[in-house]
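1. based on what follows, work out the 3D shape:
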Amino acid sequence: MSILVAFLLLWGLPMGPVTEAATFYETQPSLWAESESLLKPSANVMLTCQARLATPDFQLFKNGVAQESVHLDSPAIKHQFLLTGDTRGRYRCRSGLFTRWSQLSNLLELTGPKSLPPPWLSMTPVSWITPGLNTTAVCRGGLLGVTFLLRREGDHEFLEMPEAQEDVEAAFPVHRAGNYSCSYRTHVAGALSEPSATVIIEELAAPPPPALMHRGESAQVLRPGNKVTLTCVAPLSGVHFQLRRGEKELLVPGSSTSPDRIFFHLNAVALGDGGHYTCRYRLRDNENAWSGDSTPVELILSDETLPAPEFTAEPASRNPEPGTRVRLRCLSPLEGARFALVREDGGGRRVHRFQSPAGTEALFELPNISVADSANYSCVYVDLKPPFGGSAPSERLELRVDGELVGHQRGRARVWCPSGPPAFASLSLGV
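-> The predicted model follows:
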């Protein structure tokens, strides 16, 4: 647990998704090599472990085995380990973090005098280009002071950067799509390192869609007056978000704990607010194109003023074999309604599926039934025409399925099919 999280708990703040996003803190130290002479990079090598916060404690690992551990007289932001003997190996380090150790650093491989290990190539902020976006290729090695070179497949020349005197990485602007790799060399006459893994850069006319999510109460059958939070997450930071229902933009309050996402707050939903919601984003420059729409999230509201539907299960056999197809039938007195199958299990109560049949009956199928289908099921329906009334929930059908889960947990399936007075049929799905 980070110290920030501990403080929040002491202050009494709950660890929900908003708080968790706000308290993320990077603790991984950085590790790189420095050589007395880049003409002989494998001679007199020192490894520098740089912490995120000043600390007196540093520890080095080689091939997964703890090596030297130091406790300094006063806190420092970094410490250097002098390597002796055979320096070949895979290294990591960690630093003190309050009363504990940090996570391990990046992996650093030393291969000896005959070859240079490949660098690591990444793209920031994303691995695509689009008008208005500055995409950068970052080539990171493990040795301080080398010269980095970027290559696009099909090009005859490298894009060369000067020596990275104060760092172990170099950044290259990327303006064209293609397959990119990078290398480095220790001096002008030196051989190139092995190339990095290839990174593919795509050119897009518009940014790709974001992801729209709802969790907790937002995924349930809502009542008028409920509060709903929809989270829109983009693949990059610093963008302008928009929430829509159908083709209409919704101007609702929003909050954020991270520049790549926004929480849209629907503070008091009303009948008629149900339907499909999407979000999209664009770069801060208003002249740039909008991204594609997210996958829709559907909200369903019911004031429970309409009669509860009839809910039954088929087949009626008491002992169907695993893999049997189970049909859950929801019947309403209203034609053209929107039906929702609601599932309740250890993870909570949420809408599982939707249907809009032409008649008065929705048929939800659970094909190839297994222990994963164990839950309590019910259904509701809503009128898609004003005043947008909704039904009370149906009677529940409890399904418990015998079978193996991860960890060899077992369950039993029983389906109650109420029809009038409390009567039930029991389904035992065994293996």
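
2. from here on, contacts and neighbour counts on C-alpha atoms
-> Noted.

3. how far off centre is stretch 392-404?
-> Relative to the centre of its chain, stretch 392-404 is centred 30 Å away, using Cα atoms, centre = their mean, to the nearest Å.

4. repeat that for stretch 256-263.
-> 13 Å.

5. what's in contact with it?
-> For stretch 256-263, the external contacting residues (Cα atoms under 8 Å, 6 or more residues apart in numbering) are 18, 21-22, 229-239, 241, 254-255.

6. now the residues you listed: which count as buried?
-> 229-234, 239, 241 (16 or more other Cα atoms under 10 Å).

7. what's across from residue 50 in the sheet?
-> residue 30, residue 78 (DSSP bridges).

8. heads up, I number from 215, so please use that
-> Renumbered: residue one is now 215, and that last one reads residue 264.

9. quick check: it touching residue 293?
-> Yes - Residue 264 is within contact range of residue 293, at 6.6 Å (criterion: Cα atoms under 8 Å).

10. how about the helices in the stretch 515-645 of the chain?
-> In the stretch 515-645 of the chain, no helices are defined using DSSP state H, counting those that start in this stretch.

11. which residues of it score low on pLDDT?
-> 530-535, 617-645 (pLDDT under 70).

12. show me where it has strands.
-> 524-528, 540-545, 552-559, 562-569, 575-580, 589-596, 611-613 (DSSP state E, counting those that start in this stretch).

13. for residue 427, find the nearest of these.
-> strand 562-569 (13.2 Å; Cα to Cα).

14. same for the closest one, what does it pack against?
-> Contacts defined by 3 or more Cα pairs under 8 Å, 6 or more residues apart in numbering; DSSP states H and E place strand 562-569 against strand 552-559.

15. please name every helix or strand in contact with the strand it packs on.
-> Under the contact rule (3+ Cα pairs under 8 Å, 6+ apart), strand 552-559 is packed against strand 562-569, strand 589-596.

16. which one of those strands is the most hemmed in?
-> Mean neighbour count (mean count of other Cα atoms under 10 Å) peaks for strand 589-596 among these, with a mean of 27.

17. centre of the chain versus it, how much separation?
-> 29 Å.

18. also stretch 336-349?
-> 19 Å.

19. quick one: end-to-end distance for it.
-> Start-to-end span of stretch 336-349 (Cα to Cα, to the nearest Å) is 11 Å.

20. how about residue 582: what's its closest non-neighbour residue?
-> Spatially, and ignoring its direct neighbours in sequence, residue 582 is nearest to residue 537 (3.7 Å; Cα to Cα, 6 or more residues apart in numbering).

21. any idea how far residue 616 is from that neighbour?
-> 11 Å.
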